[in-house]
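Undergrad: Here is the input, now give the coordinates:
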Amino acid sequence: MKLKLLLAIAFLSLLLGSADAAVTANSAVTAQTPTEGRVQFLQGTDSAGTYKTLYTAGANGSRCNALWSTNNDASATHLLTCELVNGAVKYGGMAITSVVSAGYTTGNPAQNLLLPTVWTGLPSDSDGNPYIQMASGTTLQCTFATAITSTDKINIEASCADY
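TA: As a prediction, this is how the structure comes out:
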């Protein structure tokens with residue numbers, strides 16, 4: 001009899017008890033506003049070693065999924081450098097020697113600046129693609145180190161999104 005009473009009380013407790021289990025809503029945050037950044041370095045206008053801001057992170061931060069360079073210089077290569085900057089401090093990034101006429105002639109595609117061999121240590125998305133995560137107030141700045149040949153240009157572009 002005591003056993004039946006205890007079982008009945010336990011059963012009623014299960015039926016009438018409150019659901020105190022914690023429920024967590026899906027709170028994944030994804031980038032909301034696709035944007036892009038572009039800088040162009042021109043012979044006669046830009047000086048080697050002078051940084052230009054390619055991209056400025058949005059108020060809630062940003063994520064850059066692609067970064068590439070093209071140039072129409074058919075006779076010279078250029079050392080390109082891009083760095084993350086926050087509070088006027090340059091935190092490093094990548095350096096690569098450009099390919100002659102990258103993105104301007106058949107067989108010379110634009111150069112991917114986010115390759116793991118070029119910019120090491122970047123996080124990867126679920127597909128294994130590297131990306132740059134930028135906090136609010138961070139800028140992505142780039143420069144070149146060797147003089148640009150007459151009438152030529154170097155372009156660096158980024159595909160990003162703000163949170």
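
Undergrad: Which residues are in contact with Ser104?
TA: Not Ser; residue 104 is Tyr. Going by Cβ atoms under 8 Å, 6 or more residues apart in numbering, Tyr104 touches Thr70, Asn71, Asn72. All C-beta spots, glycine's among them, are computed from the backbone N, C-alpha and C.

Undergrad: ok, now how distant is it from Thr143?
TA: 21 Å (Cβ to Cβ, to the nearest Å).

Undergrad: ok, so what distance separates Cys142 from Gly128?
TA: 25 Å.

Undergrad: Looking only at neighbour counts, state which of the two leads.
TA: The neighbour count for Cys142 versus Gly128, taken as other Cβ atoms under 10 Å, is higher for Cys142 (24 against 7).

Undergrad: can you count the residues close to the residue nearest to the more buried one when sequence neighbours are not counted?
TA: Closest residue to Cys142 apart from its sequence neighbours, by Cβ to Cβ, 6 or more residues apart in numbering: Cys82 at 4.2 Å. Using other Cβ under 10 Å, Cys82 has 26 neighbouring residues.

Undergrad: can you tell me which helix or strand Cys82 belongs to?
TA: strand 79-86 (DSSP states H and E).

Undergrad: what residues does that strand touch?
TA: Residues contacting strand 79-86 (Cβ under 8 Å, 6+ apart): 51, 54, 67, 69, 90-98, 113, 119, 132, 134-135, 137-146, 154, 156.
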